[in-house]
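Chemist: Give the three-dimensional model of this entry:
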Amino acid sequence: MSKPILECIPNYSEARRPDVVEAIMGAVSSVEGVTLLDRHSDLDHNRTVLTFVGQPDAVEEAAFRSIAKAAELINLDQHTGEHPRIGATDVVPFVPISGLTMQDSIQLARHLGKRVGEELEIPVYLYEEAATRPERVNLENLRRGQYELLKSEMGTNPERDPDFGPHKLGSAGATVIGARQPLIAYNVYLTTDDVSIADKIARTIRFSSGGLRFVKALGMLVEGRAQISMNLTNFHKSSLAQVVEMIRREAARYGVMVHHAELVGLIPEAALVDAAVWYLQLDQFKPEQILEQKLFFMLQAAQSPVSEGSSVATDFLDDLASGTATPGGGSAAAYSGAAAASLVSMVAHLTIGKKKYADVEAKMQAILAQSEALRNDLTQAIQLDASAFENVLAAHRLPKETQDQKDVRQQSIQQAMLLAIQAPMGVAHKSVRVLELVEQVMRFGNSSAITDAATGAALATASIIGAEYNIRINANQLPLSVVNPYLHEFETLKKHAAELETHIHNILHERGL
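Modeler: Numbers count the residues shown, from 1 in each chain. Sure, this is the predicted structure:
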């Protein structure tokens, strides 16, 4: 099984001094095991966005070093730029790519935030999935008034108190750290320098003003043109094509057109494929029709030959039956969830391209993309759960002859137990999401596959139950003050799962099953 991969996309308030940007990039690259994938610098924004990936601990260390370097070289009192900002390192999002749950990413964000606050004495706010308060989920709330207003309010207005670090701003400002799903940073330039037009279009398309649910947008002047700067937080539900066409329509009202567009950082391949499918009207398109994807999977299969009569599933089941401590029930719960996601994909595939279901084609394409992502994550979670329990066993084997050794051992056990709770918690979250998709394919998908979807519901439910057993047995070995937030979180998930199961049973009853 591949090692876990975490992505980090920090934004730094500097683009006009190449030596400073290079120094920050050097701080990232100085960490072994981290790969710098992309750099995007905008002179008008006076902002640089880096994208790097690696194993979680290495990525966290690279982020810390880059924040320290930016604080050393960037003075917000002297900074100007079009883009809103409150810090030298303005925002640091973590995005789980593979082998990690969102909960893992949240823990990393909070650990980094605490370290930056204490060691660098920079105020830190937590946002998105890592937020500690509902009003801090959205980044724009934290950036209200930018650095200048925050500097005057911090220390006097309790609502602006940071989650970590001092209650006063230095020249490096504050940093926002969090965990989120992948987003697309996308800018559209208009054939005008009238910023008021970009402002009006941004207000029309962004969710906070009544526009598209998963779009954040601002109007600004960049390179002498009016620009609509956007973040698409869920491209499956607010697609690139939908956004572009809405901008074209609104721009035409003011007698202007789209001049060109740009990406900031990287973009999921599926987002570009979705846009191509929409514009080319490829109603019966399947992802496996992409030549490079087909070749990639063929090469993978050639490099990992499977012996006759064997398969990944068989290997896992053999390991499960072997009598070793790992893999165990937690891995089996993840396996069940992955199987449930596979059945959702099956029903979606059986619906896509059928004339009878033409009106739900787009919905099924979106469901298929989500179910495949969940299947991948839950498959990765099989090994993640086993690794988490192996860490518990390793912590118990640490020496305990002296008091210092006992203290280290106890701390290691507690940390390992927390990870052993977070792994099945991630499985439960994803399996509840699978249940949501099951309900959708049962309502709108190919009716001849309804029992396949129902089997997926049963497997997803089994996954959630199995995850619960593993959460509770590990929670029993930790203080209630530590585990209560996890137990409350699971109860909320469990309640939602029960509601979904009721809806699914009602659908089956309506179909006479």
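Chemist: can we go C-alpha only for contacts and neighbour counts from here?
Modeler: OK.
Chemist: Report the separation between Lys200 and Leu350.
Modeler: Distance of Lys200 to Leu350, given as C-alpha to C-alpha, to the nearest Å: 43 Å.
Chemist: Please disregard the earlier target; I meant Ala332.
Modeler: For Ala332, the distance to Leu350 - C-alpha to C-alpha - is 27 Å.
Chemist: what does Val438 give?
Modeler: 14 Å.
Chemist: same thing with Ala420?
Modeler: With C-alpha to C-alpha as the criterion, Ala420 and Leu350 are 37 Å apart.
Chemist: for Leu126, same thing?
Modeler: 42 Å.
Chemist: higher neighbour count, these two?
Modeler: Leu126 (29 against 17; other C-alpha atoms under 10 Å).
Chemist: residues in contact with that one?
Modeler: Leu126 sits next to 109-110, 113, 132, 136-137, 163, 176-178 when contact means C-alpha atoms under 8 Å, 6 or more residues apart in numbering.
Chemist: domain assignment for this structure?
Modeler: Domains of the chain are assigned by automatic domain parsing as 5-179, 184-268+275-280, 287-510.
Chemist: The residue nearest the centre of the chain sits in which helix or strand?
Modeler: For the chain, Gln181 is the residue whose C-alpha lies nearest the centre (C-alpha atoms, centre = their mean; 2.2 Å). Gln181 belongs to no helix or strand when assigned by DSSP states H and E.
Chemist: hey, what's the closest residue to it other than its chain neighbours bridged with?
Modeler: Leaving aside its sequence neighbours, Gln181 sits nearest to Val95 (C-alpha to C-alpha, 6 or more residues apart in numbering; 5.8 Å). Following DSSP bridges, Val95 is listed with bridge partners Glu7.
Chemist: Residue ranges in this protein under the pLDDT threshold?
Modeler: Confidence mapping of the chain against pLDDT under 70 gives the ranges 1-2, 294-314.
Chemist: Surely Gln365 touches Ala348?
Modeler: Yes. With contact defined as C-alpha atoms under 8 Å, Gln365 counts as touching Ala348 (7.3 Å).
Chemist: quick one, which of the two is more surrounded?
Modeler: Neighbours per residue (other C-alpha under 10 Å) separate Gln365 from Ala348, with Ala348 holding more: 30 against 23.
Chemist: and that one, what does it touch?
Modeler: 364-365, 367-368, 441, 445-446.
Chemist: That one sits in which helix or strand?
Modeler: Using DSSP H and E, Ala348 falls in helix 329-351.
Chemist: Can you give me the buried ones in whatever helix or strand comes next after that helix?
Modeler: Per DSSP H and E, the first helix or strand lying C-terminal to helix 329-351 is helix 361-396. Under the neighbour-count criterion of 16 or more other C-alpha atoms under 10 Å, helix 361-396 has 361, 363-365, 367-392, 395 buried.
Chemist: again with stretch 444-462
Modeler: 444-447, 449-450, 452-462.
Chemist: Just to be sure, which of these are found in strands?
Modeler: When the buried residues of stretch 444-462 are checked against strands using DSSP state E, none is located there.
Chemist: Okay, and which of the residues you listed map to helices?
Modeler: 444, 450, 452-462 (DSSP state H).
Chemist: can you tell me which of those residues lies nearest to Gly426?
Modeler: Ala460 (13.1 Å; C-alpha to C-alpha).
Chemist: ok now do that closest one, which residues does it touch?
Modeler: By C-alpha under 8 Å, 6+ apart, the neighbours of Ala460 are 336-337, 340-341, 431-432, 434-435.
Chemist: Could you pull out the strands in the stretch 201-350 of the chain for me?
Modeler: For the stretch 201-350 of the chain, the strands defined by DSSP state E, counting those that start in this stretch cover 215-222, 225-232, 258-264.
Chemist: how about those in TSV, adding mean neighbour count?
Modeler: Formatted as TSV, these follow (neighbours: other C-alpha atoms under 10 Å):
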stretch	mean neighbour count
strand 215-222	23
strand 225-232	24
strand 258-264	15
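Chemist: export those to a markdown table and tack on distance to Glu153?
Modeler: As requested, the strands of the stretch 201-350 of the chain are arranged in a markdown table below (distance: least, C-alpha to C-alpha, whole Å):
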| stretch | distance to Glu153 |
| --- | --- |
| strand 215-222 | 24 |
| strand 225-232 | 27 |
| strand 258-264 | 31 |
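Chemist: To Thr192, which of the ones you listed lies closest?
Modeler: Nearest to Thr192 among the strands of the stretch 201-350 of the chain is strand 225-232; the distance by C-alpha to C-alpha comes to 5.7 Å.
Chemist: related to what we said a few turns ago, CA atoms only for the helix holding Ala348, dumped as PDB, please.
Modeler: Coordinates of each C-alpha in helix 329-351 appear next as PDB, following Å, rounded to 0.1, in the frame of the first residue of the first chain:
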ATOM      1  CA  GLY A 329     -11.800  -5.200  12.400                       C
ATOM      2  CA  GLY A 330     -10.900  -1.600  11.500                       C
ATOM      3  CA  SER A 331      -9.400  -2.500   8.200                       C
ATOM      4  CA  ALA A 332     -12.400  -4.800   7.500                       C
ATOM      5  CA  ALA A 333     -14.700  -1.900   8.100                       C
ATOM      6  CA  ALA A 334     -12.800   0.200   5.600                       C
ATOM      7  CA  TYR A 335     -12.900  -2.700   3.100                       C
ATOM      8  CA  SER A 336     -16.700  -2.900   3.500                       C
ATOM      9  CA  GLY A 337     -17.000   0.800   2.900                       C
ATOM     10  CA  ALA A 338     -14.800   0.500  -0.200                       C
ATOM     11  CA  ALA A 339     -17.100  -2.300  -1.500                       C
ATOM     12  CA  ALA A 340     -20.100  -0.100  -0.800                       C
ATOM     13  CA  ALA A 341     -18.600   2.800  -2.800                       C
ATOM     14  CA  SER A 342     -17.800   0.300  -5.700                       C
ATOM     15  CA  LEU A 343     -21.500  -0.600  -5.900                       C
ATOM     16  CA  VAL A 344     -22.500   3.000  -6.100                       C
ATOM     17  CA  SER A 345     -20.100   3.400  -9.000                       C
ATOM     18  CA  MET A 346     -21.600   0.300 -10.600                       C
ATOM     19  CA  VAL A 347     -25.100   1.700 -10.500                       C
ATOM     20  CA  ALA A 348     -23.900   5.100 -11.800                       C
ATOM     21  CA  HIS A 349     -22.200   3.300 -14.700                       C
ATOM     22  CA  LEU A 350     -25.300   1.400 -15.500                       C
ATOM     23  CA  THR A 351     -27.300   4.600 -15.600                       C
END
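Chemist: angle of it against helix 361-396?
Modeler: 170 degrees (axes from the mean of the first three to the mean of the last three C-alpha atoms, to 10 degrees).
Chemist: Distance check, Trp498 against Ala88.
Modeler: No Trp there; residue 498 is Ala. 46 Å.
Chemist: Neighbour count: the two, which is higher?
Modeler: Ala88 (28 against 14).
Chemist: State the distance from the nearest residue to Val34 once chain neighbours are set aside to Arg160.
Modeler: Spatial nearest neighbour of Val34, excluding adjacent residues (C-alpha to C-alpha, 6+ apart): Gly54 at 4.7 Å. From Gly54 over to Arg160 the distance is 33 Å, taken as C-alpha to C-alpha.
Chemist: go on, Ser412?
Modeler: 34 Å.
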